[in-house]
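Novice: What follows is a predicted structure for the sequence shown.
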Amino acid sequence: MSHIEKTLVIFKPDAVTRGIVGEVLSRFEKVGLKIVGTKMLAPTDEQFHHHYESIGTMITRHGEEIFKNTIDMMKQSPVILVVLEGVEAVELVRKMGGKTEPKSSAPGTIRGDYAHMSYGHADGNGIALNNIIHASGDQAEAAKEIAHWFAESELFSYQSIHDLSAQRVKKA
């Protein structure tokens, strides 16, 4: 059974407007994840609703106000969507991202290194939690999110240096 997976990462407006997308994306590449799809979009309310509620059940879990604050924040600039592929990619990206609340994220994680906001600050000011990226929660969610944001024709298959190295090791 193959452990090669695809997962979705959305670079949120705080990453885009700060100009740190390339720096953060390179961290995923450096651990061996392969970029198989990418695009910049200014999503519609309908696209965000499908992503955050139909797939992620945000309103159901956290309420309409948090959903509205999130959409307002997500519409502050375009977002960059990336599909990454690699060994146990979903879990690896979640681990590298850190906890959803940046204040609770360990140094060395993306949120721990690039964000500092707490739930208390966000909730107390009626704003969304700026936390750099969205990362799919599990394989099933990743498949739904990727299908929502990308057509099959927008995803690519190619051999990376990591794939070639793994093949050489198997032959030896």
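Specialist: Cool, got the structure. Residues are numbered from 1 along each chain as shown.
Novice: use CA for all of it now, contacts and neighbours both
Specialist: OK.
Novice: pLDDT wise, what is residue 116 at?
Specialist: Per-residue confidence (pLDDT) for residue 116: 89.
Novice: Dihedrals phi and psi, it?
Specialist: For residue 116, the backbone dihedrals (degrees, to the nearest 10) come out as phi -150, psi 0.
Novice: For residue 110, see how far away it is.
Specialist: According to CA to CA, to the nearest Å, residue 116 stands 11 Å off from residue 110.
Novice: neighbour count winner among these two?
Specialist: Between residue 116 and residue 110, residue 110 has the larger neighbour count (other CA atoms under 10 Å), namely 24 against 15.
Novice: Next, the contact list for the more buried one, please.
Specialist: Shown in contact with residue 110 (CA atoms under 8 Å, 6 or more residues apart in numbering): 24, 96-98, 132.
Novice: What is the least confident helix or strand in the protein?
Specialist: Least confident helix or strand, the chain: helix 161-171 with a mean of 68, by mean pLDDT, DSSP states H and E.
Novice: now the strands: where do they sit in this protein?
Specialist: Secondary structure of the chain (DSSP state E): strands located at 4-11, 34-41, 79-87, 133-135.
Novice: low-scoring stretches of this protein, by residue?
Specialist: 1, 164-172 (pLDDT under 70).
Novice: What's the local residue count around residue 42?
Specialist: Neighbour count of residue 42, defined by other CA under 10 Å: 13.
Novice: residue contacts, the closest residue to it other than its chain neighbours?
Specialist: Excluding the flanking residues, the one nearest residue 42 by CA to CA, 6 or more residues apart in numbering is residue 78, at 4.4 Å. When contacts are counted by CA under 8 Å, 6+ apart, residue 78 touches 12-13, 16, 40-43.
Novice: Since that was my last question, I'll sign off now.
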